[in-house]
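Pasting the sequence and the predicted model now:
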Amino acid sequence: MIILDTIKQCFEMNVDESSLLPDDVVKKHLLSNLCPLITQSGTQLGYSSKEMQLLAGKIVYLISKHHFSSVFERITKRIASLTDNYEDSSGGDELDLIQYLHVPVEGLIVLFKGRFVTNATLKN
């Protein structure tokens with residue numbers, strides 16, 4: 001819990017520096033360790049899973065402010081793998097990242113434009 005709180009504080013206090021983190025660090029080290037914390041249940045070292053989930057979610061939110069594509073890519077890869085293998089129900093933790101995404105208005109516009117283009121293509 002102390003480590004998660006420290007990471008959160010680093011992202012909050014060092015906004016400019018955190019935006020300079022390489023995407024590989026975000027994908028391989030941060031997100032891969034935060035995803036299991038978001039979906040865990042029970043207690044860890046005396047802390048409730050809800051406390052850990054909320055703190056991990058806040059970190060994902062802060063990460064997605066500057067690394068939206070890294071977080072979104074992880075989500076879309078999981079959706080694609082579920083589409084390819086619908087019997088695989090393991091590893092849904094990536095899908096839980098959706099609730100913590102920071103989506104600015106510009107991001108919504110891009111997402112909706114992509115959705116409308118996809119729908120138009122499917123209708124033709």
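Yes, it's here.

all helices for this protein, in order.
Taking DSSP state H as the criterion, the chain contains helices spanning 2-13, 15-18, 23-25, 32-39, 49-66, 68-84, 105-123.

Show me what the first one is packed up against.
Using 3 or more C-beta pairs under 8 Å, 6 or more residues apart in numbering; DSSP states H and E as the contact criterion, the secondary-structure elements in contact with helix 2-13 are helix 49-66. In this view, the C-beta of every residue, glycine as well, is placed from N, C-alpha and C.

And the contacts of the helix it packs on?
Residues from elsewhere that reach helix 49-66 (C-beta atoms under 8 Å, 6 or more residues apart in numbering): 1, 4-5, 7-8, 11-12, 15, 18-19, 21, 26, 30-31, 34, 37-44, 70-72, 97, 99-103.

Quick check, pLDDT for the residue lying closest to Leu21 once chain neighbours are set aside.
Once flanking residues are discounted, Leu21 sits nearest to His67: 7.1 Å by C-beta to C-beta, 6 or more residues apart in numbering. The predicted structure scores His67 at 88 on the pLDDT scale.

surely His67 meets Asp24?
No. Using C-beta atoms under 8 Å, His67 makes no contact with Asp24, being 10.7 Å away.

These two: which is more packed in?
Taking other C-beta atoms under 10 Å, His67 and Asp24 do not tie; His67 has more neighbours (23 against 9).

quick one: average confidence on stretch 78-91?
Average pLDDT, stretch 78-91: 70.

To clarify, my last question referred to stretch 103-115.
Mean pLDDT, computed over stretch 103-115, is 72.

Can you tell me which of the contacts of helix 49-66 are buried?
With neighbours counted by 16 or more other C-beta atoms under 10 Å, the contacts of helix 49-66 contain buried members at 4, 7-8, 11, 18, 21, 26, 30-31, 34, 37-39, 70-72, 97, 100-101.

one step back: contacts only, for the residue nearest to Leu21.
His67 neighbours (C-beta under 8 Å, 6+ apart): 19, 21, 23, 26.

Is it possible to get TSV of these that adds distance to Ile109?
Formatted as TSV, those follow (distance: C-beta to C-beta, whole Å):
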residue	distance to Ile109
Ser19	21
Leu21	25
Asp23	22
Val26	23
